[in-house]
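Novice: just a sequence and a predicted model for now, questions to come.
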Amino acid sequence: MDSNPRLRSTRLPRLAGTVLAVGALAGAVVMLRGSSSEAGETGRGSPRVVAGRSTHPTVAVGRAETNDTQRRLRFAGVTRSHRDANLAFILPGRVQSVAVELGQHVEAGQVLARLDARDHRRALRAARASVSRAQAQLDLGRQTHDRVTRLARRNAATTAQLDESSAQAKVLTENHRYAQTQLAQAERAHAESVLRAPFGGTITGLPIEVGEFAGPGQTVMQIAEDTGTELEVEVPESSLPLVQEGATVAVDLTMLGEHVQGTVRSVTRASSRRQALYPVVVALPRGLPPGLTAEMRLEWPTGRGVAVPLESVVRRPGAPTQVWRVEADQVRALDVHVVAMASDRAIVEAELSPGDRVVVRGQAGLTDGRQVVPVEQLGLIPSSSRAARGAGAANP
């Protein structure tokens, strides 16, 4: 026990300050526990808020849309004239002259080219001379037969003489007929040395030059009639129901960058066994030249399912393909069947309607019924708008 009164009076205020500090700290601990316990009781079932933000997962959402996609098929070909022909000489010969140029319009019967016809002209002259001689001999033989016939009637000629004159007249008649046949052949050969246009049109090909030898049947010129242009393509059997005769189809002219409408003129129902392709001829508007690269385009609506953003489709190994739909700020997994895929969206068959919200980002860790914070791709949806849209999605 300290007997110094001054020292005792100095320690008493220090001890009192220490007791007060400990008491204040204990009170603070009690208040902290009370507030924590109170918050736990009142916050049960409500989202926790950290620094003013919800702790529910934030997901980006998009919208399901009406399926307005079109399926498209293209079949390529080259335009051609509705009527064209490869022209050739029937008999062989050397080309003497060509009277037309590439792209020139010609009329039916117009001379296009000639062969060297000197041999044909000589043969024609000889055939005509043979006919003249045979005609003269036939005339003389007939006169002789007529005279012998009159003498036989007066018993001035024997039966043998009559038979001989009759036989001679028959031989001369056959000789004259043969000479005429030879003349016709020579005239035809001479005429075939001249190539004429079978119909009016445009010269589209000149694969031979003057001085070259043309064999029989060798193409020396090509002509296309000016009555219209058409396109022929080959279509597989699966697409035949889309191309009926008389139907209107779209045609893209690749080189010209133009798009025109054509009419299906014919559909051939026979095809090669190996390729199983069927020729389809499309009549094109007048004025289009032949030889253009073109594509027949077939389009038709798919008519199935709804369109959703491609990112909303979730595929996992061993699990069905799914889309997460947002209903009143809660998510629900829907099994879907993908009908078609486009560049930025998928056509699916599911319990979806146009306007429904679907999750496009943040699907990882989602479970049915979990609350989320949906964010539109163009910005945050206000809470009132989310509630209205969520109710609309839940009750379409």
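Specialist: Cool, the structure landed.

Novice: any weak-confidence spans in the stretch 201-350 of the chain?
Specialist: 271-275, 301-303, 342-343 (pLDDT under 70).

Novice: now the element after the top strand by length along the chain, going C-ward?
Specialist: When the chain is scanned for its longest strand (criterion: DSSP state E), the result is strand 70-81. Sequence-wise, the next helix or strand downstream of strand 70-81 (DSSP states H and E) is strand 84-88.

Novice: what is Thr219 paired to in the beta sheet?
Specialist: Taking DSSP bridges, one obtains Ala88 as the residues bridged to Thr219.

Novice: can you get me a residue count around the closest residue to Asn67 other than its chain neighbours?
Specialist: Spatially, and ignoring its direct neighbours in sequence, Asn67 is nearest to Ala307 (5.0 Å; Cβ to Cβ, 6 or more residues apart in numbering). Yep, even glycine has a C-beta here, placed from its N, CA and C like the rest. Using other Cβ atoms under 10 Å, Ala307 has 23 neighbouring residues.

Novice: check which helix or strand covers Ala307.
Specialist: Applying DSSP H and E, one finds Ala307 within strand 306-309.

Novice: neighbouring strands for that strand, and are they parallel or not?
Specialist: strand 65-66 (antiparallel), strand 345-349 (antiparallel).

Novice: for those strands, which one ends up most surrounded?
Specialist: strand 345-349 (a mean of 21; mean count of other Cβ atoms under 10 Å).

Novice: got the contact list for it?
Specialist: Applying Cβ atoms under 8 Å, 6 or more residues apart in numbering, the contact partners of strand 345-349 are 65, 67, 69, 302, 304-310, 312-313, 323, 336-341.

Novice: narrow those to those that are buried.
Specialist: For those, a neighbour count by 16 or more other Cβ atoms under 10 Å gives the buried set as 65, 67, 69, 305-309, 312-313, 323, 336, 338-339.

Novice: report the two of those separated the most.
Specialist: Thr69 and Val323 (17.1 Å; Cβ to Cβ).

Novice: how far does the strand holding Ala307 sit from the chain's center?
Specialist: Relative to the centre of its chain, strand 306-309 is centred 25 Å away, using Cα atoms, centre = their mean, to the nearest Å.

Novice: what's in contact with that strand?
Specialist: So strand 306-309 is contacted by 62-69, 323, 342, 344-348, 350, 352-354, 358, 360 (Cβ under 8 Å, 6+ apart).

Novice: how many residues are close by Arg147?
Specialist: Neighbour number of Arg147 under other Cβ under 10 Å is 12.
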